[in-house]
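**Student:** Sharing a model that was predicted from the sequence below.
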Amino acid sequence: MPLLRRRRPAHPPPQIDGPSTSAESDEKEKPSLPMARKPRWNCVDSCCWLIGCICSLWWILLFLYNAMPASFPQYVTEAITGPLPDPPGVKLRKEGLVARHPVVFVPGIVTGGLELWEGHQCADGLFRKRLWGGTFGEVYKRPLCWVEHMSLDNETGLDPPGIRVRPVTGLVAADYFAPGYFVWAVLIANLARIGYEEKTMYMAAYDWRLSFQNTEVRDQTLSRIKSNIELMVATNGGKKVVVIPHSMGVLYFLHFMKWVEAPAPMGGGGGLDWCEKHIKAVMNIGGPFLGVPKAVTGLFSAEAKDVAVARAIAPGFLDSDFLGLQTLRHVMRMTRTWDSTMSMIPKGGDTIWGGLDWSPEENHSCNGKKKRSDDSLVSQDVKEEIMNHQANITNYGRIISFGKDLAEAHSVKIEGIDFRDAVKGSNLAHSNASCRDVWTEYHELGWGGVKAVSDYKVFSATSILDLLRFVAPKMMQRGSAHFSYGIADNLDDPKYKHYKYWSNPLETKLPNAPGMEIYSMYGVGIPTERAYVYKLSPSAECYIPFQIDTSADGGSDGSCLQGGVYLVNGDETVPVLSAGYMCAKGWRGKTRFNPSGIKTYIREYDHAPPANLLEGRGTQSGAHVDIMGNFALIEDIIRVAAGATGEDLGGDQVHSDIFKWSEKINLQL
């Protein structure tokens, strides 16, 4: 067919000179194939692969967790650490102990849950959801709205208009602070093992932001506690209750015991013998009876040791105006409306906490080494170390010092300029409207006031009160209406019938209840904040003008000065002096603070950290919150709840120098 023509190749085959084999000819006649390209691995593929691996691993672990026997985790733990001791409840049930006295829990500051009952538009969908405690999810979703709803009114110390935040009720109010982080849960579980249940246990939840008397004014919380205790006694055969306050709850219940005796309308009208009729024992855990220095820095610069370290790592971030964060200023704005924080300002002034050149704990050693009883066996190096330590006495009485040199200098070399009559001015935030949106009283202090504070140089427990009144007069005016910080000369003076004195053990008498017992139970062996070295902050438009000087350091392994903070023995939050003095001396026997001679006991728990991660927070911890899982403390509580007395427990259990330190305090008893 003429139309069908053979297509000619585009390129004629090359001519090859010379002979060739048939194999070579066949190979050359094969058409060439395109080379296969290796697939490229991009970021999307890597992310998908990583997500797939994580999901697969998650499902495998979830399957294994649900498939394994319930005893397997315990088996693994025991294989590594050895046999675990029985929980206190199991141990004491084997001894025959059963539930006897009803128990009342009084939570401390921040450990009780708070929920929303009414709020502004930004809080839509949060009705009866926890704003405090739980997952804290709302902090991340809407932080400024959360701060607004967690703050109280600056003038009244009560709810701001259109906002109602109330305490969660029941045992769930403070069993866990957050998922997996127990507070009262371990103690509740062990009490249940000897027969306790919800009808014999009561969580005296309250709004820990309010002043103690305002919890009654707004929520009638004190009346509810009184009624519930009376009901528990009546429905349990007349057996008195054992009250277990923790942290600030210790001060709150101290206030309650005076309130319940006082006549209405200021008090509960229970009469002078109410506590004798209804309370067997008050077992205070980690009680800041005389306050904590930590409260001063929280009100002064919104700091504690851990915050100061973070502020040093990221200078200017927590308190800068960058992206409008101003984190520390928001924290200060919120916490300065919480009147309860002012209940923990140190009480007793220089008489208790020491002056510029002395303090009860002045010979405390921070190197953690225990002296041997046989001095002849102590090496010369250790003797020299002890002598050097004694020569370098820590001035714990200087709660705030502006500079390390001033913290260590003799008082005669300190020439401070009185700040009390200084003229405030040169508004710190006059040119930036965003600064005024996050209101703190530092705006009114001005450059003149800031300089006056730093020129005073050193502040003891007495002058600290004047300092706070100078930098935050409105806050202190509100707080001074509800709390006091002095020492009573004459407890029979009618003025001490006012509720502002009821939470200060140095300005009130214990109830007329000779059959009641009072315990002070706290951890020891942990470095605890006692005094601070401060400096002026770098100047900025929106900032807190003072901060802890984390560069100030003792320079040796055994120094008590670390990161601008002088440390002393305690439970990480409350120094031994505050937790133990009243039961060691102030209330010991019949004193003017304890006219009915209520028996007092000190039970100290030497801190031992967990040996490994499998122990969680440890069963021998002395830390301020972790002590709630301390097996020895739980056992003491259960024994008393089951009917034991302080003498049955063995009386005092002391590891610190609290009795020696108490004798150094010259207080008329």
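**Tutor:** Yep, it's here.

**Student:** Could you report the neighbour count for the closest residue to residue 284 other than its chain neighbours?
**Tutor:** Counting by C-beta to C-beta, 6 or more residues apart in numbering, the nearest residue to residue 284 once its immediate chain neighbours are dropped is residue 250, at 4.5 Å. Glycine gets a C-beta too; all of them are placed from N, C-alpha and C. Around residue 250 there are 27 other residues, counting by other C-beta atoms under 10 Å.

**Student:** again, but for the one 4 residues further on
**Tutor:** Residue 254 has 26 neighbouring residues, counting by other C-beta under 10 Å.

**Student:** Same check on residue 444?
**Tutor:** The number of residues packed near residue 444 is 17, by other C-beta under 10 Å.

**Student:** what's the answer for residue 46, then?
**Tutor:** Here the neighbour count serves as a burial measure; for residue 46 (other C-beta under 10 Å) it reads 10.

**Student:** same check, this time on residue 558
**Tutor:** Using other C-beta under 10 Å, residue 558 is surrounded by 14 other residues.

**Student:** What count of nearby residues applies to the residue lying closest to it once chain neighbours are set aside?
**Tutor:** Counting by C-beta to C-beta, 6+ apart, residue 558 lies nearest to residue 367, which is 3.1 Å off, once chain neighbours are set aside. Around residue 367 there are 13 other residues, counting by other C-beta under 10 Å.

**Student:** measure residue 367 to residue 554 for me?
**Tutor:** As for residue 367, its distance to residue 554 is 11 Å (criterion: C-beta to C-beta, to the nearest Å).

**Student:** Also residue 635?
**Tutor:** Computed as C-beta to C-beta, the residue 635 to residue 554 distance reads 38 Å.

**Student:** Residue 164 now?
**Tutor:** Using C-beta to C-beta, residue 164 is found at 49 Å from residue 554.

**Student:** Count residues in the vicinity of the closest residue to residue 362 other than its chain neighbours, would you?
**Tutor:** By the measure of C-beta to C-beta, 6+ apart, the closest residue to residue 362 outside its immediate chain neighbours is residue 393, 5.0 Å from it. The number of residues packed around residue 393, counting by other C-beta under 10 Å, is 15.

**Student:** same check, this time on residue 251
**Tutor:** Around residue 251 there are 29 other residues, counting by other C-beta under 10 Å.

**Student:** next one: residue 217
**Tutor:** A total of 14 residues lie near residue 217 under the criterion other C-beta under 10 Å.

**Student:** May I see the buried residues of the helix or strand hosting it?
**Tutor:** Using DSSP states H and E, residue 217 sits within helix 212-219. Buried residues in helix 212-219, counting neighbours by 16 or more other C-beta atoms under 10 Å, are found at 212-216, 218-219.

**Student:** what packs against that helix?
**Tutor:** Where contact means 3 or more C-beta pairs under 8 Å, 6 or more residues apart in numbering; DSSP states H and E, helix 212-219 is packed against helix 221-234, helix 248-261.

**Student:** could I have the last one exported to CSV, CA atoms only?
**Tutor:** This points to helix 248-261. The C-alpha coordinates for helix 248-261 follow below in CSV (Å, rounded to 0.1, in the frame of the first residue of the first chain):
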residue,chain,number,x,y,z
MET,A,248,-3.1,29.4,106.1
GLY,A,249,-6.1,27.2,107.2
VAL,A,250,-4.3,27.2,110.6
LEU,A,251,-4.8,31.0,110.9
TYR,A,252,-8.3,30.7,109.6
PHE,A,253,-9.3,28.2,112.2
LEU,A,254,-7.5,30.2,115.0
HIS,A,255,-9.8,33.0,113.9
PHE,A,256,-12.8,30.6,114.0
MET,A,257,-12.1,29.5,117.6
LYS,A,258,-12.4,33.1,118.8
TRP,A,259,-15.3,33.9,116.5
VAL,A,260,-17.4,31.0,117.7
GLU,A,261,-16.9,32.1,121.4
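
**Student:** Give me the angle between that helix and helix 221-234.
**Tutor:** Counting by axes from the mean of the first three to the mean of the last three C-alpha atoms, to 10 degrees, helix 248-261 lies at 80 degrees to helix 221-234.

**Student:** Which pLDDT value goes with the closest residue to residue 511 other than its chain neighbours?
**Tutor:** Closest residue to residue 511 apart from its sequence neighbours, by C-beta to C-beta, 6+ apart: residue 275 at 3.9 Å. Here the pLDDT value assigned to residue 275 is 97.

**Student:** One more: residue 391?
**Tutor:** Per-residue confidence (pLDDT) for residue 391: 43.

**Student:** same question, the one 4 residues further on
**Tutor:** Per-residue confidence for residue 395 comes out at a pLDDT of 90.

**Student:** Which residues are in contact with it?
**Tutor:** The neighbourhood of residue 395, defined by C-beta atoms under 8 Å, 6 or more residues apart in numbering, consists of 354, 356-357, 359, 362, 401, 407-408, 531.

**Student:** I'd say residue 418 and residue 453 touch.
**Tutor:** No. In this structure, residue 418 sits apart from residue 453 without contact. The criterion is C-beta atoms under 8 Å, and the distance is 10.9 Å.

**Student:** Quick check: closest non-adjacent residue to residue 207.
**Tutor:** By the measure of C-beta to C-beta, 6+ apart, the closest residue to residue 207 outside its immediate chain neighbours is residue 167, 5.0 Å from it.

**Student:** you'd agree the one you found is up against residue 117?
**Tutor:** No. When contacts are counted by C-beta under 8 Å, residue 167 is not listed as touching residue 117 (10.6 Å).

**Student:** quick one: which of those two has more around it?
**Tutor:** Taking other C-beta under 10 Å, residue 167 and residue 117 do not tie; residue 167 has more neighbours (24 against 12).

**Student:** and the gap between that one and residue 335?
**Tutor:** With C-beta to C-beta as the criterion, residue 167 and residue 335 are 18 Å apart.
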